[in-house]
Every structure is written in structure tokens, then in C-alpha cells.
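Asks: coordinates for the following, if possible.
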Amino acid sequence: MKSLRCQSGSAAPAHSNSSRVPVGALKPARIRGGNTACQAATKTSVAQMSASMREMRSSMEENEQLKVLMAGFRGSNLDESDFASDDVRMRLVTDLQDSGLTEALPLSYDPDAINRYWDTRPTAVITRITQLMLIAGTFISGLVSDVIAGKLKDHEVKRAIELRNIVTSLGPAYIKLGQALSIRPDLLSPAAMNELQKLCDKVPSFDSAVAMQVINDELGAPWYEIYADLTPEPIAAASLGQVYRGRLKTGEEVAVKVQRPGVLETVTVDLYIIRKIGHFLRQFPQVTTDVVALLDEWAARFFDELDYVKEGQNAEIFAAQMAADLPQVVVPRTYSELTSKRVLTVTWLDGEKLSQSKADNVGDLVNIGVICYLKQLLDTGFFHADPHPGNLIRTPDGRLAILDFGLMTQVDDEIKFGMIEAISHLIHRDYEAIVQDFVTLQFIPPGTDLQPILPVLAKVFDQALEGGGAKNINFQELAADLAQITFDYPFRIPPYFALIIRAIGVLEGRLRS
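Replies: Okay, here's the model as predicted:
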């Protein structure tokens, strides 16, 4: 597949006086049959479609629920703090390993191995369940009471706030799972999404003496024999680890991330418990969400975050893929010789969060960020799956730095080609083909009768693409049509697409602000 490139060569440096690099300047990748998306439309039609869609989004936000949903996709509710608030406490499993049992926990996601490990440690599992129940008991009883009284909708926001506070206390597995669910409108209501997006991954730091011992155990020497200097306390702390600023003996400034003790034990016992609950729920046909499948899909990616060697390799791969086409994008260099499963050493990058920058070229950098994510989606297929505003930095020389490569996802060729073809079909108003694209892109299961959806799709897109734009759309009627389709058909938001929405939404949100 051809690389995505600006038609006039590489984009101008972000710190220059050049105008914003238009997304339309990218050459679309080639699709099946030898045609390209750019052959399907002129620049004028694309510009009209973009303007019309912007107008549609503006009108949609007059609906309060849709406004909450759109704000969430832009990352408006995300917490960018470097540390937790004083009242945050996180319960970890630090002493549940039995010395008489020698089987080790898997370092990559293997539900069978996790089951074998915790099946032989019932006392430890019961201890964790008791801990979870003490934290979440009041919330669960309140939820049951709401269901019995028929007031689930009335107390939705209240319960969502309670859930967010509880999830933070339960530890990294629940925090990360809550964040993943917060961009799944097919699973949660806008109110619940809104609260879960406020989940702060920042928690109190752990003892630096313990962190220095982890460095010693992982790298085979005391920290002072490896680094010339390290800050005495971390500069940021999250659920999985904390970061120190340091300097190598050769003079380079570095960031050193050290994993929190007890994370692997806590994550795996929690996954073990949730999977048991999921298997139990399969007995009830009223529960239409396959909790086990959803959990396994998420956990496989989450386990990658626990391996700092893999995170460093991800960063190197990503940097190489962006180097030729997007020199304005910078990625910290990984020092592989100073990196292990639980310690990561990378180049320190000065800068300010893009979401907080007031620099003149922020608009340029947002545009470059959009191009970067489109390249990941339509070209490389190697997608940065943690598009948090805190991971996008404006460097002093005016470039866009992307941080944190622990959570990546692979977009296969079928999805890449499907996306490009869907754009072409949309521009051509080929709605029968678009419905088939929904199947290819995993929004609708194969074998579903697609004919009833055609009239509604035609109505939606015809009005969106008309010169009059959103002004002529009856949103109440449209919402009723879409709600009926959602009820009649097993629509879902594929995980990769939720991440794409968040990534582009976060960038768009920064531009709007």
C-alpha cells in the first residue's frame, strides 16, 4: 500500500509561517480495483461535505444527550492532572502470592493460565472479592434498588458519579476498563460515558525507595550506577507506574518509568473475577452483551501496557513509520539497554501539553495530528490507541510530540480498504454499498438483513450532503428512525472505531477551544 504523502512533498515545518496543512492534501491509499477515493470526488464536493457535516454536528448538539456524547468524543471531560487529588486511594493486591505454589503468572494475556493460577489460590481470591465488595457494596445495593423501583433512568447520573469514584479505588484493571468503556456509546448511556471520561488514571505515588529497588532488580544494578541523576520523587504517578526525570552518565536527559509493585497480581485476579461473573451472566438471555468476549478483547491489549519492552518497541516502530512523511511529529527515543518489563527509559522531551498551549501554530499542529492519525488508520495500520490530551505535546521548536505507546492496536487491511471504499461510496451516494461497508467494518454482523436500513441511510446522507446542510433535517424524526434501527439490528461500535473517534475528536476539541 502506498504511503500517504502531501501532494507537494513533505509538509512545511510546523514552526514556519506556512498556512495549515489541509487534510485534503493527502494522497488517499489505493483501494481494490485500482481506483482511489480521490478519483471519486472533487475538492469542491469534499469541502461541501465537510461544511455540511460541521453544520450537522452543530445542530445535533442542540440535543443535550448528543451534546454530552460529542463532548466526550472530543476528550472535553478528560482529567489531565499529573497526580491524584488528596482523597484518592487505590487498593492493590501486594501479598496474595502463596510461597508454596510455584506457577508464575503469564506476562501476556492468557485467560487459561490466569485461571490455573488463581484456581489454586482460593483464599487470595476470596480476600480480593471481600475487598471489592466492601468498596462497591453500597453502589451495587443502590443499583439493585433502582432496578426494583423502576428509577434506573432517574438516578443515572448519580450512579455514574458513584461508579467513577469506586472504579478509581478498585485499581488499574477497573480504571483502564472504565476508560475503555467511556468511548463506547453502544454499551453506555451518554451520562455514564460523561462520568467515566472523568476517570483520573493518576493515583498517589508509591515509595521511591521501592521504585529504586525495582530498577535494581530489573536492570541488575543500583540506580546510581546506571543514571547520573534521578529526581528524588516522581514527577507524575499513574495506576500502572510512576515517572522520574533523570540524566544518563553520558549527559542525555531521560524520563524513567517504573511499574508499580503488585500490578500484575491485582490485574489478573480482577480479570479472573470479572470473567467468572461474565460466564455466570451468559445464563440470562436478557443480558445481550457478551461480557467475557468484551473483556478478553480489551484485556489482550491492556496486558501489552504491562510490558515496557513492548512499549519501547512500539515507539520505535511508530517513529520509523512517521519519519519520512511527517518530520513535524517527534517520538521519544527508547534506550533499549536501559529498558525491561517493568522499567522504561526514554529521551526526555521538553514542551507543553497541546491542549493547554497558546502558541500561534497550535492550529497547524492539530492539523498535523489529524494527518498523523489518518496515516495510521489508512496506511500503516499501527494505531496509537491512547489519544489522551496529555499524550500530545508541543515542543519548544514547534513540533508535535506523541507520548505513551503502551496501548496500540493493529488495523488490518480489510478495515483500511473498507474505510477508503466507504468514503468513496458516501461521496457517490452509493447507499447499498455503504450498508455492505458497515458489515466489512464490523458495525453489523454478517448475515443480517440489510434492506430495511437503506431508506433511512439514504435519508440521513442525502440531507447531510445537500447544499442546504443540516437546516433541513428534522432531527426528532431522524432520531426516531435511527433509534428504531438500533433496536431492530445488532449494531455495535467496533473498538478500533471508538479509538479513531476519540483521537480525531480530541484534536478537533483542541482546535475548537
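Asks: wouldn't Gln442 be in contact with Pro494 here?
Replies: Yes. The criterion here is C-beta atoms under 8 Å, and Gln442 meets it with Pro494 at 4.2 Å. Every residue, glycine included, has its C-beta placed from N, CA and C.
Asks: you'd agree Ala255 is in a strand?
Replies: Yes. Ala255: assigned to a strand according to DSSP: H, G, I helix; E, B strand; the rest coil.
Asks: which residue sits closest to the residue positioned nearest the centre of the chain, ignoring its sequence neighbours?
Replies: Residue closest to the mean C-alpha point of the chain, counted by C-alpha atoms, centre = their mean, is Asp386 at 3.9 Å. Excluding the flanking residues, the one nearest Asp386 by C-beta to C-beta, 6 or more residues apart in numbering is Leu407, at 4.4 Å.
Asks: can you pull the contacts of the one you found?
Replies: Listed by C-beta atoms under 8 Å, 6 or more residues apart in numbering, the contact set of Leu407 reads Arg301, Phe302, Asp304, Glu305, Ala385, Asp386.
Asks: can you give me the pLDDT of the residue nearest to the centre of the chain?
Replies: If you check Asp386, the pLDDT there is 77.
Asks: quick check: phi and psi at it.
Replies: Dihedral pair for Asp386: phi -130, psi 60, per degrees, to the nearest 10.
Asks: also the one 5 residues further on?
Replies: Here is the backbone geometry of Asn391 (degrees, to the nearest 10): phi -90, psi 0.
Asks: contact partners for it?
Replies: Neighbours of Asn391 in contact, by C-beta under 8 Å, 6+ apart: His384, Ile402, Leu403, Asp404.
Asks: which among the contacts of Leu407 gets closest to Gln131?
Replies: Phe302 (20.5 Å; C-beta to C-beta).
Asks: checking the nearest residue to the closest one once chain neighbours are set aside next. Helix, strand or coil?
Replies: Residue nearest to Phe302 in three dimensions, not counting chain neighbours: Lys176, with 5.5 Å by C-beta to C-beta, 6+ apart. At Lys176 the chain is in helix, as set by three-state DSSP.
Asks: ok, Lys176 touching Ser239?
Replies: Yes. Counting by C-beta under 8 Å, Lys176 touches Ser239, with 7.2 Å between them.
Asks: out of those two, which sits in the more crowded spot?
Replies: Ser239 (26 against 23; other C-beta atoms under 10 Å).
Asks: phi, psi for Ala359 please.
Replies: Here is the backbone geometry of Ala359 (degrees, to the nearest 10): phi -60, psi 150.
Asks: any idea how far it lies from Arg333?
Replies: To Arg333, Ala359 is 24 Å away according to C-beta to C-beta, to the nearest Å.
Asks: next one: Val256
Replies: From Val256 across to Arg333, the span is 14 Å (C-beta to C-beta).
Asks: what do you get for Ile444?
Replies: From Ile444 to Arg333 the distance is 43 Å (C-beta to C-beta).
Asks: more neighbours, the two?
Replies: Between Ile444 and Arg333, Ile444 has the larger neighbour count (other C-beta under 10 Å), namely 19 against 16.
Asks: name the SS class of the more buried one, please.
Replies: Under three-state DSSP, the three-state class of Ile444 is coil.
Asks: neighbours of the residue nearest to Phe443 when sequence neighbours are not counted, how many?
Replies: Computed as C-beta to C-beta, 6+ apart, the closest residue to Phe443 that is not its neighbour in sequence is Phe491, at 6.1 Å. Neighbourhood size, Phe491 [other C-beta under 10 Å]: 16.
Asks: repeat that for Thr250.
Replies: Counted with other C-beta under 10 Å, Thr250 comes out at 6.
Asks: which strand or helix spans it?
Replies: Using DSSP states H and E, Thr250 sits within no helix or strand.
Asks: Pro222: what's it in contact with?
Replies: Pro222 touches Met212, Ile215, Asn216, counting by C-beta under 8 Å, 6+ apart.
Asks: helices of the stretch 251-400 of the chain, start to end?
Replies: 263-281, 291-304, 308-323, 362-375 (DSSP state H, counting those that start in this stretch).
Asks: the strands in the protein, which residues?
Replies: 227-230, 236-237, 241-248, 253-259, 329-330, 343-347, 352-353, 382-384, 392-394, 400-402, 408-410 (DSSP state E).
Asks: any idea of the angle the third one forms with strand 343-347?
Replies: This points to strand 241-248. Interaxial angle, strand 241-248 versus strand 343-347 (axes from the mean of the first three to the mean of the last three C-alpha atoms, to 10 degrees): 50 degrees.
Asks: what average pLDDT does strand 241-248 get?
Replies: Mean predicted confidence for strand 241-248 is 96.
Asks: mind giving me the packing neighbours of that strand?
Replies: strand 227-230, strand 236-237, strand 253-259 (3 or more C-beta pairs under 8 Å, 6 or more residues apart in numbering; DSSP states H and E).
Asks: and these: which comes nearest Glu162?
Replies: Proximity to Glu162 (C-beta to C-beta) singles out strand 236-237 among these, at 24.3 Å.
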